[in-house]
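# Next comes the sequence, and after it the predicted model I'd like to discuss.
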Amino acid sequence: MISRVLACLLLATAFASTAQAADSPRVVTADGAITEIVYGLGLESLLVGVDTTSGYPAQTESLPKIGYLRALPFEGVLALKPDLLITSEQAAPEENLERLARAGVQIEKLPSARTPEAALKRIVTVGELLGEEEKAEVLASELRSKIDRIQQASANREKPPTVLFILAAGNHSVMLAGEGTSASALLDAVGAVNAVSGIQGYKPANREAILASRPDAIVIAESTPGQFMIDSWPEVEHLDAWQSGRRLVADGMMLLGFGPRLPDAMAAMNSVLPDPSQVAANDS
């Protein structure tokens with residue numbers, strides 16, 4: 001009798017697990033930071049595909065890639081039979097997104113995050129979409145505490161340090177970051193200012209502008225490791241900030257994505273910024 005009852009319990013448990021799996025949405029994410037949020041919430045089992053900007057964590061390599069965020073293919077996405085596509089406002093082409101919606105895919109385009117507050121709100125929104133708002137609130141709270149500590153340390157500077165921010169996608173695609181960019185937003189988050197003035201968006205690197213920038217620190221965001229070749233940019237190498245080691249070369253998605261690694265990005269940037277006394281000495 002006991003064995004029969006136990007067998008029934010095991011059968012009921014297996015049935016419940018199968019039913020729960022059947023109710024779980026099939027999710028595609030098209031934005032590296034949003035993909036990171038799903039992993040940060042421990043909900044990666046829902047993912048059936050990601051876009052090519054989604055390279056972190058390493059487990060994303062095992063998932064089908066649907067293409068680039070700004071050129072999402074209708075057939076490539078639909079072939080994965082997703083219930084939900086979570087992406088950002090950069091997603092395109094709009095025609096394919098509309099076709100996917102007509103085919104029954106729920107499309108959620110989230111606004112870009114350009115402040116820590118917006119980044120945390122986006123985490124909560126993803127949690128709501130996936131039915132795990134409580135998990136999202138916990139993660140957002142943990143990250144908020146880390147961000148607050150970093151910003152408190154940044155606030156001790158008497159004068160904001162200047163940063164030359166470079167976006168590298170290969171030696172032939174080296175850009176200077178200007179105003180209205182995620183790079184500018186990250187500088188704001190740590191109380192730094194752009195060393196290059198008069199630039200809106202990302203512009204091709206200008207060697208004269210680099211020499212004239214005289215930054216306190218240099219930050220280089222790479223789309224893949226090793227893409228920035230310093231030997232090809234002596235103007236950067238000759239800057240005092242580079243010579244003194246006040247430089248950071250790091251993953252572009254970590255620095256610019258405003259995802260769950262935002263505190264890591266802020267801490268990494270803070271680590272190469274000079275002390276307040278050094279900033280004052282440079283200005284004197």
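Yes, it's here.

# Check which helices and strands the strand or helix carrying residue 248 is in contact with.
Residue 248 is part of strand 247-251 when elements are defined by DSSP states H and E. Counting contacts by 3 or more Cβ pairs under 8 Å, 6 or more residues apart in numbering; DSSP states H and E, strand 247-251 is packed against strand 217-222, helix 262-272. (Each C-beta comes from the backbone N, C-alpha and C, glycine too.)

# Which other helices and strands does the longest one contact?
Under the contact definition 3+ Cβ pairs under 8 Å, 6+ apart, helix 262-272 sits against helix 133-154, helix 182-189, strand 217-222, strand 247-251, helix 252-256.

# quick one: the second one to strand 217-222, angle?
Per axes from the mean of the first three to the mean of the last three Cα atoms, to 10 degrees, the angle that helix 182-189 makes with strand 217-222 is 140 degrees.

# One more: the longest one?
Orientation check (the same axes, to 10 degrees): helix 133-154 against strand 217-222 gives 150 degrees.

# how does this protein divide into domains?
25-144, 158-283 (automatic domain parsing).

# With respect to residue 150, which of these lies nearest?
domain 158-283 (4.7 Å; Cβ to Cβ).

# And for the helix or strand where residue 175 lies, what's in contact with it?
For residue 175, the host element (DSSP H and E) is strand 174-177. Strand 174-177 is contacted by residues 164-169, 183-184, 194, 196, 199, 202-206, 209-210, 221, 228, 233 when judged by Cβ atoms under 8 Å, 6 or more residues apart in numbering.

# Buried among those residues? Make that a ChimeraX selection.
Buried members of the contacts of strand 174-177, identified by 16 or more other Cβ atoms under 10 Å, are gathered into one ChimeraX selection as follows:
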select :164,165,166,167,168,169,183,184,194,196,199,202,205,209,210,221,228,233
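
# Which ones among the contacts of strand 174-177 lie within strands?
Using DSSP state E, the members of those that fall in strands are 164, 165, 166, 167, 168, 194, 202, 203, 204, 221.

# need the contact list for the residue lying closest to residue 150 once chain neighbours are set aside.
Leaving aside its sequence neighbours, residue 150 sits nearest to residue 266 (Cβ to Cβ, 6 or more residues apart in numbering; 4.7 Å). Neighbouring residues of residue 266 by Cβ under 8 Å, 6+ apart: 147, 150, 151, 186, 189, 190.

# Same check on residue 79?
Taking Cβ under 8 Å, 6+ apart, we find residue 79 in contact with no residue.

# burial measure for residue 27, as a count.
Residue 27 is flanked by 26 other residues according to other Cβ atoms under 10 Å.

# Just list whatever residues bridge to it.
The partner list for residue 27 in beta bridges (DSSP bridges) reads residue 47, residue 84.

# who touches it in this structure?
Residues in contact with residue 27 (Cβ under 8 Å, 6+ apart) are 38, 43, 46, 47, 48, 82, 83, 84, 85, 86, 130.

# Over to residue 69?
Listed by Cβ under 8 Å, 6+ apart, the contact partners of residue 69 are 30, 31, 51, 52, 53, 87, 88, 90, 91, 92.

# run the last query once more with 7 Å
Taking Cβ atoms under 7 Å, 6 or more residues apart in numbering as the contact definition, residue 69 lies against 30, 31, 51, 53, 87, 90, 91.

# Next one: the last one from residue 235, what distance?
Summarising the geometry, the distance separating residue 91 from residue 235, computed by Cβ to Cβ, to the nearest Å, is 36 Å.
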